[in-house]
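K.L.:
I'd like to go over a predicted model; first the sequence, then the structure.
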Amino acid sequence: MYRRKYAVLLIFILILQAILIFNGCEKKPAKFKCKDALGCVDLRMDEPIKIGILQALSGKVAALGQEQIRGFELALDDRQGKILNRTVTFQIEDTGCTAEGGVNAALKIIADPKYIAIFGTTCSGAAATVSKAMSDAGLTMISGNNSAAFLTSITGKHAPNWQKGYFRTAQNEENSGKAAAIYAYKELGIRKVATINDGDIYTKGLTDGFNKAFSSLGGIVVLDTSINKEDKEMRPVLTAVLNAKAQLLFFPLFQPEANHILFQARTILEFNKIKLMGGGALINNSFLKDSDEKAKGMYFVGPVSCEGPAVDLMGKKYKNKYQTSPSVFYFLYAYDAASILFEAIEKTAFKDDKGILHIGRKALRDGLYATTDFKGISGILSCDQFGDCARPKFNVVQLKDISLGLEGLKTNVKFIYSPKK
């Protein structure tokens, strides 16, 4: 009897020891510790992923900003409105297409530490201030519309306004001005040109590139001048163009300043002999509608239009959702910008055992820099060390028949230029 009790007690002790040993060996899940150099955004199970949207939504450029938002919305729709099974909320701010408006809008987003990224901007001038504030705050920013060379790279080196964490799917227009200059000199036989910018890094970058290329070909830049944003009286600068005896005027401006240049030039008889050329910011329904027959014969330089089955399908999705056709094709760049941002979030975020989502700020940036051969609607995207994700290719188009609208303009291609890498 004693032996039986002893044996039972011994078995009990052995079982207890085994339980204690097993529990001692079982490792408890380690508590998440952020090791990201820029810190982490930690989101509870009930918290959404927050992205700031900064676009130009007032004035004549509002249509461009609206298309950017719609491209973002379409990309989110394709994920049923969620990333990593979480809802996405976004705060929309109007930059007004100015540097001041851009930084003011950015500060509203940066004030909330839960925001992980900025989608924007529309205008390159606003991007210069937004990207600086964004980068200093450790966020990531991506645009489907900015194209000024000053934001990323010039001749393979960091441009003056380059910032860490800034990306774009619109093409770097470093060579857009060059494309316009080559066409003007070699195809149109122009030897004397005048250029007008508005001091914005986008327009200044285009005229600088044009002037450099045109001069290298043997042409003469007889006038390189600027106006101010919101200027309405353009006759003094147009008179200067006439006095300089220019054969072509290159003015890659935005609306409404471009409208004022064009409309007032058409009232001056001597301007009938001068060819007019604008930039990609004017290749949109708004400008064509406002200018009507006044723009007939004008040339425009911009990125080559996107084509193919995927583009056609996206056009149908756009029309089904918004009950209208897109006013510019840049919404496709916006769709791609949002898509690679969403994918980078999905690849770099970490979910712990409590369901808390951790997003490393530097990890997200690195995820975007690692984007390679992404099959976008606008083309194959690979983001380089400067933040440029698109392969540059530009064309010069001419408006011949206003009744054919935007599609007629885009398809009347006169020249295509793709810089060698």
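P.N.:
It's in. Quick caveat: nothing in here was measured; it's all calculated off a predicted structure.

K.L.:
Between the two ends of stretch 322-340, how far is it?
P.N.:
23 Å (C-alpha to C-alpha, to the nearest Å).

K.L.:
Any buried residues in it, and which?
P.N.:
Judged by neighbour count using 16 or more other C-beta atoms under 10 Å, the buried positions of stretch 322-340 are 326-340. C-beta coordinates here come from the backbone N, C-alpha and C atoms, glycine included.

K.L.:
Those in helices, which ones?
P.N.:
Residues of the buried residues of stretch 322-340 located in helices (DSSP state H): 331-340.

K.L.:
which one among the buried residues of stretch 322-340 gets closest to residue 284?
P.N.:
Closest to residue 284 out of the buried residues of stretch 322-340 is residue 328 (4.3 Å), distances taken as C-beta to C-beta.

K.L.:
Contacts only, for the closest residue to the closest one other than its chain neighbours.
P.N.:
Residue nearest to residue 328 in three dimensions, not counting chain neighbours: residue 284, with 4.3 Å by C-beta to C-beta, 6 or more residues apart in numbering. Residues in contact with residue 284 (C-beta atoms under 8 Å, 6 or more residues apart in numbering) are 63-64, 327-328, 406.

K.L.:
For residue 284, what are phi and psi?
P.N.:
phi -150, psi 160 (degrees, to the nearest 10).

K.L.:
pLDDT value on it, please?
P.N.:
What the model reports as pLDDT for residue 284 is 90.

K.L.:
And for residue 173?
P.N.:
The predicted local confidence for residue 173 is 89.

K.L.:
how about the helices of the stretch 51-200 of the chain, start to end?
P.N.:
With helices called from DSSP state H, counting those that start in this stretch, the stretch 51-200 of the chain shows them at 62-77, 99-110, 124-137, 176-182.

K.L.:
residue boundaries of the strands in the stretch 151-300 of the chain?
P.N.:
Assigned by DSSP state E, counting those that start in this stretch, the strands in the stretch 151-300 of the chain fall at 153-154, 157-158, 166-168, 192-197, 220-226, 248-250, 275-278, 299-303.

K.L.:
got a list of contacts for stretch 80-94?
P.N.:
So stretch 80-94 is contacted by 43, 47-58, 65, 69, 72, 76, 101, 105, 108-109, 115, 119, 342, 345-346, 349, 351, 357 (C-beta under 8 Å, 6+ apart).

K.L.:
C-alpha coordinates for it, PDB please?
P.N.:
Extracted C-alpha coordinates of stretch 80-94, given in PDB (Å, rounded to 0.1, in the frame of the first residue of the first chain):
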ATOM      1  CA  GLN A  80     -12.000  47.000 -52.400                       C
ATOM      2  CA  GLY A  81     -11.100  50.100 -50.500                       C
ATOM      3  CA  LYS A  82      -8.700  48.400 -48.200                       C
ATOM      4  CA  ILE A  83      -5.000  47.800 -47.700                       C
ATOM      5  CA  LEU A  84      -4.000  44.700 -45.600                       C
ATOM      6  CA  ASN A  85      -7.700  44.300 -44.800                       C
ATOM      7  CA  ARG A  86      -7.900  47.700 -43.300                       C
ATOM      8  CA  THR A  87      -9.900  50.700 -44.400                       C
ATOM      9  CA  VAL A  88      -8.000  53.600 -45.800                       C
ATOM     10  CA  THR A  89      -8.900  57.200 -44.800                       C
ATOM     11  CA  PHE A  90      -7.400  60.200 -46.400                       C
ATOM     12  CA  GLN A  91      -7.500  63.900 -45.700                       C
ATOM     13  CA  ILE A  92      -7.700  66.100 -48.900                       C
ATOM     14  CA  GLU A  93      -6.000  69.500 -48.800                       C
ATOM     15  CA  ASP A  94      -5.900  72.200 -51.600                       C
END
